[in-house]
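Undergrad: Following is a predicted model, sequence given first.
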Amino acid sequence: MRSIHFGTKTIPAAFALVTLLAYGWLIPLTGFYWDDWPFAWIARFLGPAEFIPAFQGFRPFLGPVFYITTSLIPSNPLLWQLLALLVRFAAALAAWFALHQVWPSHRQQALAVALLFLVYPGYSQHWVAFTHINQEWIPFIAYLVSFGLSVRAFRRPKAFLALTSGALMLEAAGVFPTEYFIGLEPLRLLLFWVIAAQATQSFAARTIKALKAWSPYFAVWLADVIWLVHYYGSGAYVSYDPTATTVPPSFTAAVGIFGDALWKACLYVWGQVLFLLSASIRAPASLLTIALIAAAFLLASFYLSRLELSATWDNETRASPPTRATDEARGPDPRQFAWAAVIIGIAGIVLGRLPSFVAGLPLTLQSSFDRFMISMMLGGSLFAVGMVELILRRRSARIFTIAGLLALGIGQQFFNSNIFRRDWQRQTEIYWQFAWRIPALQPGTAVITTQMPLDYETDLSMTAALNWMYASNLQPPQLPYAMVYAEKRLGGIVLPDLAANTPMQLPFRTMSFLGSTSQTVVVYVPSSGCLRVLDPANGDEITYSRYPESLTTLIPLSKPGLILTGAQTLVLPAPPFGPEPRSTWCYYYERAELALQAGDWNGVVTLGAEAAQRGALPEDAFEWLPFIEAEARAGSPSAAEKMTREALNQEPKLDRGLCGLWSRMQVGGPLQAHEVASRLLADLKCSP
């Protein structure tokens, strides 16, 4: 084993292996998230060319990027997740290329930065692939290559024109499509200054040389800044709430915001996975993550300890500062790299935070807001490797520390992949529950609900999925269906108020949903349970009266009659939807609700019997209600009484719903249920 050594040619293979270890394990079990759904829906139903007008108010230079990629890749979640692997691999190569141009004598350190950049644990949004490949990663790769080409042009005057031309074009491709990287351009000036310092000792001479080299890139950057200022000022840019930047934070608040970014990007993110795992250390996913971290550490230590790229890490100690004479014998001073990496890393984090800071947006880890970490990843990785070089003297200690950070990054990304796996599984369950409960829906209907128990989907995401399910024959520009999260939309143009006949409007890129509060279906999906269509005619206002007001005030709007119960069973297309989860409790519950709506009491009883035969039971006792009522009306009242008492023992809050149910039995139910109804109404102490 001691005779095994690795050289430069193994670096792409190392990047590929790390990419697979961090991001590849659960690819078949992940899907679409967040804005993936609207973008995939546009590509599938309106065509790639629609992205050009669709992005006129949302980063107009980004439309061509989506046009090209969606012309090549269909709206298949698996294909986009596979492409995300390739893109992250390409980004690591681009970072390695750029860093190697800046520090050709510090190859090991530059490689360490690129490896940490590849798995940077502060960024969790890799699996929102359709969105972020186009919106950030393709421009970022162009920008990284631009950095590398510009440094090469700086070092090679004979190829200056060709390299600079390519670097300028890639710079424009990196900053014009998205504002995420607008703050990073001054880093190029710092890199030029670092290189100039290797040739001259005069501060003024270094600065003049660096500024001269930076001037053409500054011109492109300035053009983009002017464009953004004009675009924001014109009112055309509508991605974010324009009021977000009207009240700038105080100096103290700004210092706190950037201090928070430095703390998170420099230090906290590297140990974040350990804190997250400690909350559920015995869970199978946590144990697998710990095992992966250990295995990754061993692999990384073995590889880095046998990697031969330069003499920089070959010294066992650095007890005293190197002199000019020892430099020639021992290679370049690692601290020359280290101080530059730390300073540029800090600058990169601060500059990377600027765009989201100006937009008034938070930097929250383990949420969709940590997408802003993408512009801080390079700075955070530079800082980490620079500090390792400054603090640790022994070669083995530096190797093991870098291997440990790399392993923690891999573990964090695997931990994240499980979050997205669970979210996709829950999405699949909910979409199929829609299909079972609502085989068809009257066009022009808004489905209103509270926040779904999903981590990364908004009502716009669900609107795209809803139209994919129920509107296969789309006729633009009218959007047939909309999903509305009431607590977020109430008071705006989407849902001005809850009065009858109130117009509703949901803008959706180049299309729009136009509806009314008098044509809505209200649904509720609990965190543990099945989708429910709420019906005021069944007394659901009373049944769910202990639930939050944000839900109960919606129930009077619900009109289940908009559901076309006689339609054929809906089969969701795959892709993009996941496979149908057969024989679950929710399958029987949704089919029972549909049968109950159609007045098929015998059908509900049959479904209940089949569920019992398969051992399927509800997690939420409220889901016994349709089966209890069906047994009371068409089956056995005594069986309905038994189910009532068992359900009440499981969930005492069900008493109001049961009172309403048995009150209906006493007034309009079959004669054989009247005695049971009277007894239960007395036992439940139901109000008359």
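TA: Looks like it arrived, so ask away.
Undergrad: switch to C-alpha atoms for all contacts and neighbour counts from now on
TA: Will do.
Undergrad: Pull out the buried residues from stretch 571-591.
TA: Neighbour-count burial for stretch 571-591, with 16 or more other C-alpha atoms under 10 Å as criterion, is recorded at 572, 576-578, 580, 585-591.
Undergrad: which one among those gets closest to Ser150?
TA: Pro576 (41.4 Å; C-alpha to C-alpha).
Undergrad: Now name the helix or strand holding that closest one.
TA: Here Pro576 is covered by no helix or strand, with elements defined by DSSP states H and E.
Undergrad: before we move on, back to that, I'd like to know which of the buried residues of stretch 571-591 are part of helices.
TA: Counted as lying in helices by DSSP state H, out of the buried residues of stretch 571-591, are 585-591.
Undergrad: Quickly check those for the two that are furthest apart.
TA: Pairwise distances among these were taken by C-alpha to C-alpha; the largest, 10.1 Å, belongs to Trp585 and Arg591.
Undergrad: ok, back up a step: reformat the ones in helices among the buried residues of stretch 571-591 as JSON lines; add distance to Met452 and pLDDT.
TA: Below are these laid out as JSON lines (distance: C-alpha to C-alpha, whole Å; pLDDT from 0 to 100):
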{"residue": "Trp585", "distance to Met452": "19", "pLDDT": "95"}
{"residue": "Cys586", "distance to Met452": "16", "pLDDT": "96"}
{"residue": "Tyr587", "distance to Met452": "19", "pLDDT": "96"}
{"residue": "Tyr588", "distance to Met452": "21", "pLDDT": "96"}
{"residue": "Tyr589", "distance to Met452": "19", "pLDDT": "96"}
{"residue": "Glu590", "distance to Met452": "17", "pLDDT": "96"}
{"residue": "Arg591", "distance to Met452": "21", "pLDDT": "96"}
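Undergrad: Do a quick rundown of the strands in the stretch 351-500 of the chain.
TA: For the stretch 351-500 of the chain, the strands defined by DSSP state E, counting those that start in this stretch occupy 446-449, 482-485.
Undergrad: now swap in the chain and tell me
TA: 446-449, 482-485, 503-508, 511-516, 520-524, 532-533 (DSSP state E).
Undergrad: mean confidence for stretch 163-170?
TA: Per-residue pLDDT over stretch 163-170 has a mean of 97.
Undergrad: And the contacts of that stretch?
TA: Outside stretch 163-170, the residues that touch it by C-alpha atoms under 8 Å, 6 or more residues apart in numbering are 142-143, 145-150, 152-153, 216-217, 220.
Undergrad: So among these, which ones count as buried?
TA: Buried, going by 16+ other C-alpha under 10 Å: 142-143, 145-150, 152-153, 217, 220, out of the contacts of stretch 163-170.
Undergrad: with the residues you listed in mind, which one is nearest to Tyr180?
TA: Using C-alpha to C-alpha, the buried ones among the contacts of stretch 163-170 come closest to Tyr180 at Tyr143, 11.2 Å.
Undergrad: Could I get the contacting residues of Ile135?
TA: Heads up, residue 135 is Gln, not Ile. Neighbour list for Gln135: 62, 177-178 [criterion: C-alpha under 8 Å, 6+ apart].
Undergrad: Using a markdown table, lay out those residues together with distance to Ser71.
TA: Below are these laid out as a markdown table (distance: C-alpha to C-alpha, whole Å):
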| residue | distance to Ser71 |
| --- | --- |
| Leu62 | 14 |
| Pro177 | 18 |
| Thr178 | 20 |
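Undergrad: Weed out the non-buried ones from those residues.
TA: Among the contacts of Gln135, those classed as buried by 16+ other C-alpha under 10 Å are 62, 177-178.
Undergrad: quick one on the thing from earlier: return the closest of the buried ones among the contacts of stretch 163-170 with respect to Trp468.
TA: Scanning these for proximity to Trp468, where the rule is C-alpha to C-alpha, the winner is Ala142, at 33.3 Å.
Undergrad: Tell me the confidence at that closest one?
TA: pLDDT recorded at Ala142 is 97.
Undergrad: Could you report the distance from it to Ile438?
TA: Going from Ala142 to Ile438 by C-alpha to C-alpha, to the nearest Å gives 46 Å.
Undergrad: any idea how far the lengthiest helix in the chain is from the chain center?
TA: The residue-count maximum for a helix in the chain (DSSP H) belongs to helix 395-437. Relative to the chain's own centre, helix 395-437 is displaced by 11 Å; criterion: C-alpha atoms, centre = their mean, to the nearest Å.
Undergrad: With stretch 634-648 instead?
TA: 44 Å.
Undergrad: any residues touching that stretch, and which ones?
TA: Residues contacting stretch 634-648 (C-alpha under 8 Å, 6+ apart): 601-602, 605, 621-622, 624, 627-629, 631-632, 654-655, 658, 672-673, 676, 680.
Undergrad: And those, which of them are buried?
TA: For those, a burial check counting by 16+ other C-alpha under 10 Å picks out 601-602, 605, 621-622, 624, 627-629, 631-632, 654-655, 658, 673, 676, 680.
Undergrad: can you tell me which of those residues are in helices?
TA: Short answer: the buried ones among the contacts of stretch 634-648 in helices (DSSP H) are 601-602, 605, 627-629, 631-632, 655, 658, 676, 680.
Undergrad: the domain parsing of the chain - what is it?
TA: Listed domain ranges for the chain are 8-422, 440-565, 582-688 (source: automatic domain parsing).
Undergrad: out of these, nearest to Ile430?
TA: Closest approach to Ile430 among the domains of the chain is made by domain 440-565 (6.9 Å; C-alpha to C-alpha).
Undergrad: For the residue nearest to Gly603 when sequence neighbours are not counted, list the residues it contacts.
TA: Spatial nearest neighbour of Gly603, excluding adjacent residues (C-alpha to C-alpha, 6 or more residues apart in numbering): Ala595 at 6.2 Å. Shown in contact with Ala595 (C-alpha under 8 Å, 6+ apart): 601, 603-604.
Undergrad: now swap in Met387 and tell me
TA: Contact analysis of Met387 by C-alpha under 8 Å, 6+ apart lists 338, 342.
Undergrad: Tell me, how many residues neighbour Thr164?
TA: Look at Thr164: counted by other C-alpha atoms under 10 Å, it has 21 neighbours.
Undergrad: do you know how far it is from Asn501?
TA: Taking C-alpha to C-alpha, one finds Thr164 at 61 Å from Asn501.
Undergrad: ok, now Glu610?
TA: Distance of Glu610 to Asn501, given as C-alpha to C-alpha: 42 Å.
Undergrad: Phe383: neighbour count?
TA: Other residues within reach of Phe383, judged by other C-alpha under 10 Å, total 28.
Undergrad: what does Pro157 give?
TA: Using other C-alpha under 10 Å, Pro157 has 10 other residues around it.
Undergrad: Ok, Gly668 next?
TA: Gly668 - counted by other C-alpha under 10 Å - has 12 other residues nearby.
Undergrad: how close does it get to Leu661?
TA: Taken as C-alpha to C-alpha, the span from Gly668 to Leu661 is 10 Å.
Undergrad: again, but for Leu93
TA: Following C-alpha to C-alpha, the distance that separates Leu93 from Leu661 is 65 Å.
Undergrad: The nearest residue to Ala49 once chain neighbours are set aside - how many residues pack around it?
TA: In space, and not counting its chain neighbours, Ala49 is closest to Tyr67: 5.9 Å by C-alpha to C-alpha, 6+ apart. Using other C-alpha under 10 Å, Tyr67 has 18 neighbouring residues.
Undergrad: Next up, the contacts around Tyr67.
TA: If you count contacts by C-alpha under 8 Å, 6+ apart, Tyr67 has them with 48-52.
Undergrad: Highest neighbour count among those?
TA: Within those, Phe51 tops the neighbour count with 24 neighbours, counted by other C-alpha under 10 Å.
Undergrad: Tell me how far Gln505 lies from Pro53.
TA: Separation of Gln505 from Pro53 (C-alpha to C-alpha) stands at 20 Å.
Undergrad: In terms of neighbours, single out the busier of these two.
TA: Gln505 (17 against 13).
Undergrad: Pretty sure that one sits against Phe513.
TA: Yes. Gln505 is within contact range of Phe513, at 5.5 Å (criterion: C-alpha atoms under 8 Å).
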